[in-house]
Every structure is written in C-alpha cells, then in structure tokens.
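Asker: quick one, fold the following:
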Amino acid sequence: MPVPACASDLRTGVNQPPGSGTDYPFVKQDDVLGWVVLDVYLSYVDNSQQFTFPFYLSLRPTAYSPTATFDARILDNTNAVVFEGSVSSVVAWDVNRFIGEVSVDDAVLRLVIHAPCFDVMTLNSWVTSTQALDARTHSRLPKRVRSLRVSLSEYQENIQIVAGYNVQLQQRDITLNEGNRFKNQIYLDGVSGAGVGRLAGCDPEDQPLRLINQVEPDEFGNFNIEFSDCYRAQRQGTVDYGAATPTTTFSSTANRSTLRVFNDCRACADCSYFVRTYRGLKVMWDKYATIATTAEGVRNQLQQNIDRWNAAADCRGAHLLQTVFSAEPECRFFVGAMYCNYSECCIAQPELRFTFFRYVDGVPAAISTTQNVLRSFLQIENNSEEEVLPSVVWPVYSYKPDLISSQNTFMARLRFCTNCTTTETYGVYVTVHFDDSAYTTEGCSAAEATVPAELTAVWSSLGLTTPTTRAIEFKLVPANPEKEPFGCGCS
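Answerer: Residues are numbered from 1 along each chain as shown. Have a look, this model is predicted:
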C-alpha cells in the first residue's frame, strides 16, 4: 500500500512478537484512518455483552489545527454504537501529533492523531475504517457494585455503615500498588459490648444461652466446643505464675466470656515449590508460543502460495495464446504458436491460423505469390510432435487438430521461405477459432477476440470460413535476404 504524502509519522507503538508492528492499532493497515490514527485506547461498558467483535473506528473532523476538534465513534461488527463522543480540546504531542480524550459516563476513549493527515480530511464528514481495530486497543470494564440491597430495600446513594450491637468496625491500612485497583478493607469483629453496646434487655441472667447454631447443651447445660485440624482456642486471660497457686485474671468482664481462636496451619507448599512450578509453566508457555509462531508462519506461507497461484492462474488465463516469429537468412521465416484450453471441457477441431502480411518501407504491399513450406510440426498435449503439413491458402496456413482435452495445449511450428528484399518486413496474425458448439460438454465458454478489418478482408477475399475468433496475436519482423551457403529451395 503506498504511503500518502502527509504521513510523516507512521507509528507511535509496535506490536509484540510475532506481529510486525506496521498495522497497529488496526489488525491490517487501513487505507485512510491508518495514516490519521496512530494509537487507540477504549475502555467501555458492556455488562450484558451485547456487542459483537471486531470493533471499527469512525471519525468526523469538525475543525482543523491549531484548534482541532472532531467526533468519534466505535462501532461493533453489526454497526451497533459501542461508544460515541466529541473531542472539543486536544493536547499537543511533539510537532505533528496530538492526543484527544473524551469520556461518557464510565467509558473513555483516547486517540493519538497524526495532524498532517488529519488536516486533509473532509470536515463534517464521517470516515469509517475498513479494517478492524486490534483487540488490544479496547477493554471491557468489569461489572461494578452500584447498589446494596438490605432485605427488601435497595440503596444507591451514599451509605454509612455503623457498628451495631457487639460489633467492632475497623478500617484496615493496606498497601496500594501503583497501577492496580484502589482498595478499601473494613474489618468486622464480634466483640461483646462493642459498637452501640449490648443489646438492650438481653441480660444474660434473664436470657440464658439455650442454643448455639441450633445445637442444645448437654444434660448439665454445658456446651463443649472442639477444634479440629489447625485450629485451637485460648481464653483471654493472664496467668500469674508467681503466686503459690497459679491463677488466671481477666482484664475485663468481657474478656472473661470470650475465646480467642488461632490457626497454626502453614502453607501447603514452600516458596521454592511455587518458583519451580512457575519455571515449569514458563517453559511450557515458551514451547506453545514457538508452536504458535510456527503455525502462523505456515499459515502466512500458505496464503502467500495461494495468492501467487491465483495470480499465476489469472496471468495464464489472460494469455492463452503464445507466438514466436523470427526471420532467417535467404528469406526464410520461422513461426510457432501454442494455445492453452483453459476450460474444463474438451474442444473438437479448433483451428490455429497463421495469416501473413508484407510491408515495403513500412507501407502495406501485396504479398509475394512464391512460398514454400520447409518443415511443419504439430504437437497435441503431451504427445510427441508429428510432422504435419498445414492447410495452405496463401498467405494463410492453418492447422485443425481433432480434439484438445481440458487444461491442455496444442502447438504448431513451421519454417517457410518466400521472396524478399532488405526494404521489406513481414507480419503474422496468429488466431485461434472455434464456435461454442465445439465444446464436447455444456457449461463452458470462452471470450471472443476482436479481429482487425484488414485481417477480415484477407479471409473474405480467400473465401475462408471463419468460426468465432477466441485469441489473436500479431508479430512483425524485418526480412533477411542475405545469402547462405545453403539455400532454402525457393525460386
């Protein structure tokens, strides 16, 4: 694809391997917007996943530099609008680039624009990219918490969380990593008497504990709490070992009624295990990446082969007739022609015709009546060539093979001599003729070639019956009357 004159800056970023880096932010270079837009970033909302990939970019310039403004759209594969907004101000970047950003609710679109190519776009006219945006230029925002439901009530405004009875709330300090999501962490702990205190009217003497998680006590009214695996419990007391008899004291009445639960379990694997696992996964990743790169290379090579084969087929289909015409000493001439039956049908008795013309000092003149065929050969398909004389109605030689198979060729070549001088040139029209009825099966056809009037006049004057002309070529060579030790036998 030719690079337009305005494209002073081609790219601001490069694809990572195995990409080539020349098409980003599009999957393939776009004819117009590929030179205007150097980078794209879209963060959009699609909670119901209604949009269909791939996405396309559409721009409408509304003003040029020094104050560039434009409208922008992102369309999905069904032309549904993913994002739409207007950029009323831009930020200059270096000399030939500027950055435009537009936000709509939670969505945002940023574009790096190449100013020289932007300035040649038509104002107030939408231009949509023909190539899809690279998948790395857009990301869908994750679903967010926008309301809280408590029982049958739903809240969307600001919510204040207050510690109730026997609940302690504490905002934890956490380390925020730059570039990651912002976090808040609230610690809820059940503490007797915390928050707004104990529930009014719930004096333990008046309201004894009768069930724990719907489990009743034993016959003595005791609950036995057992811990398993890595868990253990400890009362919130302090043991005084200095006394004659060690005694336990509690700092408060609440601590006397609480148990502190510990977990002594360790991680199921040490750090070195995770390091080894990571290295193993990385090796597998590299192997699969190599396979993917190789597969892409095979795919690209196959596509190149298909394109090359199609181009060769188109070329051969446009040049079904090939001709060679040359002059030899003593007024001898060699002419040969090959025709390819490009169709999928056989052709019965096609005619290959050589019609000769004579020119003196570049002016058409009557052709000499003296001619003599020295050697003549006909080859059909891959068979051996046979020496076959043509039908002669001078100045016309013609060959009519019986049958030419589909996707095959036939060739005729001959050497003849006549009278000539140094001021003469000889031309030959090589034509191929057959009607549609010559096809042995239905469904095949061939293009019809245009025949010059001078050629039609010669055939008419000789009384030749001419089927439909399918191919024609003309060659012109100067005559060579120079003598050789061995003559051609013409008189």
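
Asker: which strands and helices lie in contact with the helix or strand that contains residue 92?
Answerer: With elements taken from DSSP states H and E, the one containing residue 92 is strand 90-93. For strand 90-93, the packing partners by 3 or more CB pairs under 8 Å, 6 or more residues apart in numbering; DSSP states H and E come out as strand 97-104. Bear in mind the C-beta positions are built from the backbone N, C-alpha and C, glycine included.

Asker: quick check: domain ranges of this structure?
Answerer: Residue ranges of the domains in the chain are recorded as 33-140, 211-265, 267-314, 321-478, according to automatic domain parsing.

Asker: gap between the shortest one and the chain center?
Answerer: Once both centres are worked out by CA atoms, centre = their mean, to the nearest Å, domain 267-314 turns out to sit 17 Å from its chain's centre.

Asker: low pLDDT regions in the stretch 151-300 of the chain?
Answerer: 201-207 (pLDDT under 70).

Asker: could you pull out the helices in it for me?
Answerer: Chain-ordered helices for the stretch 151-300 of the chain, with DSSP state H, counting those that start in this stretch as the definition, fall at 253-256, 271-318.

Asker: looking at those helices, which is buried most?
Answerer: Highest mean neighbour count among the helices of the stretch 151-300 of the chain (mean count of other CB atoms under 10 Å): helix 253-256, with a mean of 13.

Asker: so which of the helices of the stretch 151-300 of the chain gets nearest residue 229?
Answerer: With respect to residue 229, and counting by CB to CB, the nearest of the helices of the stretch 151-300 of the chain is helix 271-318 at 21.1 Å.

Asker: pretty sure residue 376 contacts residue 387?
Answerer: Yes - counting by CB atoms under 8 Å, residue 376 touches residue 387, with 6.5 Å between them.

Asker: show me which of these two is the more surrounded one.
Answerer: Per other CB atoms under 10 Å, whichever of residue 376 and residue 387 has more neighbours is residue 376, with 18 against 9.

Asker: now the more buried one: how far from residue 409?
Answerer: The gap separating residue 376 from residue 409 is 18 Å, by CB to CB, to the nearest Å.

Asker: same check on residue 157?
Answerer: Applying CB to CB, the value for residue 157 to residue 409 is 85 Å.

Asker: and the strands in the stretch 51-200 of the chain?
Answerer: Assigned by DSSP state E, counting those that start in this stretch, the strands in the stretch 51-200 of the chain fall at 56-63, 69-75, 81-87, 90-93, 97-104, 107-114, 127-128, 138-140, 148-150, 153-155, 165-172, 185-195.

Asker: from the contact counts, what lies against the strand or helix carrying residue 40?
Answerer: Under DSSP H and E, the secondary-structure element containing residue 40 is strand 37-44. The criterion is 3+ CB pairs under 8 Å, 6+ apart, and the helices and strands that strand 37-44 contacts are strand 56-63, strand 81-87, strand 107-114, strand 138-140.

Asker: got the contact list for residue 448?
Answerer: In this structure, residue 448 makes contact with 468, 469, 470, judged by CB atoms under 8 Å, 6 or more residues apart in numbering.

Asker: ok, for the first one, nearest residue in space, not its chain neighbours?
Answerer: It stands for residue 468. In space, and not counting its chain neighbours, residue 468 is closest to residue 435: 5.2 Å by CB to CB, 6 or more residues apart in numbering.

Asker: that neighbour touches residue 465, doesn't it?
Answerer: No - if you go by CB under 8 Å, residue 435 and residue 465 don't touch, sitting 10.9 Å apart.

Asker: those two: which has the busier surroundings?
Answerer: The neighbour count for residue 435 versus residue 465, taken as other CB under 10 Å, is higher for residue 435 (10 against 7).

Asker: tell me the confidence at that one?
Answerer: Confidence at residue 435, expressed as pLDDT, is 92.

Asker: from here on, call the first residue 36.
Answerer: Yes, from this point I'll number from 36; that puts the last item at residue 470.

Asker: measure residue 300 to residue 428 for me?
Answerer: Noted for residue 300: a distance of 108 Å to residue 428, by CB to CB.

Asker: please apply the same query to residue 318.
Answerer: The separation that residue 318 has from residue 428, given CB to CB, amounts to 81 Å.

Asker: before we move on, what about residue 367?
Answerer: Taken as CB to CB, the span from residue 367 to residue 428 is 21 Å.

Asker: between those two, tell me which one has more neighbours.
Answerer: The residue with more neighbours, out of residue 367 and residue 428 and counting by other CB under 10 Å, is residue 367; that gives 22 against 15.

Asker: gap between the more buried one and residue 144?
Answerer: Between residue 367 and residue 144 the computed distance is 77 Å (CB to CB).
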